[in-house]
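> give me the fold of what follows.
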Amino acid sequence: MTAGSDAATTDSTTSPMASASRTETAQMQADAADPRPRRGGAWLRVAPAMFLLAWGGNHFTPLVHMYEEDGGYAVWQANLLLGMYVGGLIPGLLVASALSDRRGRKPLLIAGTIAAILGSVLLGLGFDLFWLLCVGRVLAGAGVGVAMSVGTSWIKELSAPPFDHRAGITAGARRPALTLTLGFALGAAVTGCLAQWGPLPEATPYAVHTLLSIIALVIVLTAPESLGGDRRSTEHWWRGLRIPLVGHRTFVRLIIPAAPWVFGAAGIAYAVMPALVQDTLGEWTTLYATVLTVVTLGAGALVQNAVPRINRWSGGRALVVGLGLMSLGMVLAVVAALVASPILAFVVAIVLGIAYGTCVVAGLILVQAIAAPDDLAGITGVYYSLAYSGFLLPTVLAALLPVMPYSLSLAGVAVICLLCLAAVARASSRRW
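Take a look at the predicted model:
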């Protein structure tokens, strides 16, 4: 992957964010006058697979405490397993996106779903085998990577003519982001409840996910391919790993400083916050972690459909608004670490969830605004790779615990977040 010149640069007097906001308004006016019937059901055939892939990536989250207490794993091992699937996620994002530009979206999403099913099987069988859990998490991550790059591109294309004539201009960003967020949230909710009250908590959640994923696989087989043969690249797939758009000024100045905070916020909310209060909660820590996961991602899901309105209200600066909320959440997290209050940790989860939902959609809107059709999957993969790098943050903070308490490390995180906010705010105020 190399940075090239500013391919597909925007008009020299118009910022991409403001342009996206005006384009959306024009689209809404055109929709009102469009006599053609609304179509768009095709994307719903892809959504279940994406939903289950997100479920498979995140249903480990509320189980971290269980692996520590019942499995005898050290804190760093449990957190490593939490972040381990980034090892499958990034190849799933980048390699799958490059392959999908040549082979089509459908075969790659099918392959990702099969990988996720295998991952759940290994996780269900490997409670006492750390290496097997690691392999399962990597496979789950590969599935999430495919969902985020290939699935997002597929739904985006199915949310435009000829598959959908009247979807809003931002539907291609909102629909996949919402599908993934709901999968992350509801998957964690079901898994946490099964672990707290169901039989065989180390295996049952994975069995349920496997069964549902098989059903989703059957459904996605009926979805139409959106990338016709005439639009597919004829180059070798590895050449697709070179994505010139990563050198675009919008990407460098706005996306790179903001993207890691998307899942960095989520990780702090539902991985670090429960650890701060587990001495108070005891055996209820698993359920509390489940609640925080659902609250974080639920708040993110609720705000995502409002991001286009936030963009219009802020003059195309929804990303700045999201990072502002992110900074507030990080400062509150420092206070939560000092007082170890479950109530304050709950508030932190809400704030960071809203920030997550705002940033993930605002970032996707900007990425899709600068991407040509044959660059879409690749640049989406890079965007989500950057976003998911933040999910390693809880692992880093856990590794620092012997020398640095959460209150101090979170203070450092808050300072860095504020600096990124300043950089993005400054860049967004300039008109290129």
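> do you know how far the residue lying closest to Leu63 once chain neighbours are set aside is from Ala78?
Excluding its sequence neighbours, the residue lying closest to Leu63 (CB to CB, 6 or more residues apart in numbering) is Ala195, at 5.7 Å. Any C-beta I mention is one placed from the backbone N, CA and C, and that applies to glycine too. Note on Ala195: its distance to Ala78, by CB to CB, to the nearest Å, is 14 Å.
> picking up where we left off before, quick check: which element contains the residue nearest to Leu63?
Using DSSP states H and E, Ala195 maps to helix 171-197.
> ok now that helix, how far from the chain's centre?
Taking CA atoms, centre = their mean, to the nearest Å, one finds the center of helix 171-197 at 11 Å from the center of the full chain.
> other SSEs contacting it?
Judged by 3 or more CB pairs under 8 Å, 6 or more residues apart in numbering; DSSP states H and E, helix 171-197 is in contact with helix 43-58, helix 152-158, helix 204-220, helix 285-304, helix 342-370.
> only alpha carbons, please: show the second one as PDB.
In this case it means helix 152-158. This file holds the C-alpha atoms of helix 152-158, laid out as PDB (Å, rounded to 0.1, in the frame of the first residue of the first chain):
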ATOM      1  CA  THR A 152     -19.900  -2.500   3.400                       C
ATOM      2  CA  SER A 153     -19.000  -2.100  -0.300                       C
ATOM      3  CA  TRP A 154     -21.600  -4.600  -1.400                       C
ATOM      4  CA  ILE A 155     -24.400  -2.900   0.600                       C
ATOM      5  CA  LYS A 156     -23.300   0.500  -0.600                       C
ATOM      6  CA  GLU A 157     -23.600  -0.700  -4.200                       C
ATOM      7  CA  LEU A 158     -27.000  -2.300  -3.500                       C
END
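> what's the mean pLDDT across it?
Regarding helix 152-158, the rounded mean pLDDT is 86.
> change the start of the numbering to 57 and stick with it
Right, with 57 as the first residue, what we last looked at is helix 208-214.
> now do it: which elements does it pack against?
Going by 3+ CB pairs under 8 Å, 6+ apart, helix 208-214 lies up against helix 99-114, helix 161-181, helix 227-253, helix 432-445.
> surely Val417 is in contact with Ala227?
No: using CB atoms under 8 Å, Val417 is not in contact with Ala227; the gap is 11.0 Å.
> the two: which is more packed in?
Val417 (30 against 21; other CB atoms under 10 Å).
> can you report how many residues neighbour the residue nearest to the more buried one when sequence neighbours are not counted?
Spatial nearest neighbour of Val417, chain neighbours left out: Val363 (4.1 Å); criterion: CB to CB, 6+ apart. A count of nearby residues for Val363, using other CB under 10 Å, gives 26.
> quick one, what contacts the closest residue to Ser282 other than its chain neighbours?
Once flanking residues are discounted, Ser282 sits nearest to Glu213: 3.7 Å by CB to CB, 6+ apart. For Glu213, the contact set (CB atoms under 8 Å, 6 or more residues apart in numbering) comprises 161, 219, 228, 282-283, 429, 432.
> what about Glu213, distance to Ala327?
Distance from Glu213 to Ala327, by CB to CB: 34 Å.
> with Ser282 instead?
Relative to Ala327, Ser282 is positioned 35 Å away (CB to CB).
> host element of the residue lying closest to Leu474 once chain neighbours are set aside?
Spatial nearest neighbour of Leu474, chain neighbours left out: Ser383 (5.0 Å); criterion: CB to CB, 6+ apart. Secondary structure assigned from DSSP H and E places Ser383 in helix 374-395.
> one step back: isn't the residue nearest to Leu474 right up against Leu477?
Yes: applying CB under 8 Å, one finds Ser383 in contact with Leu477, separated by 5.1 Å.
> quick revisit: quick one, which of the helices and strands packed on helix 227-253 is packed in tightest?
helix 208-214 (a mean of 29; mean count of other CB atoms under 10 Å).
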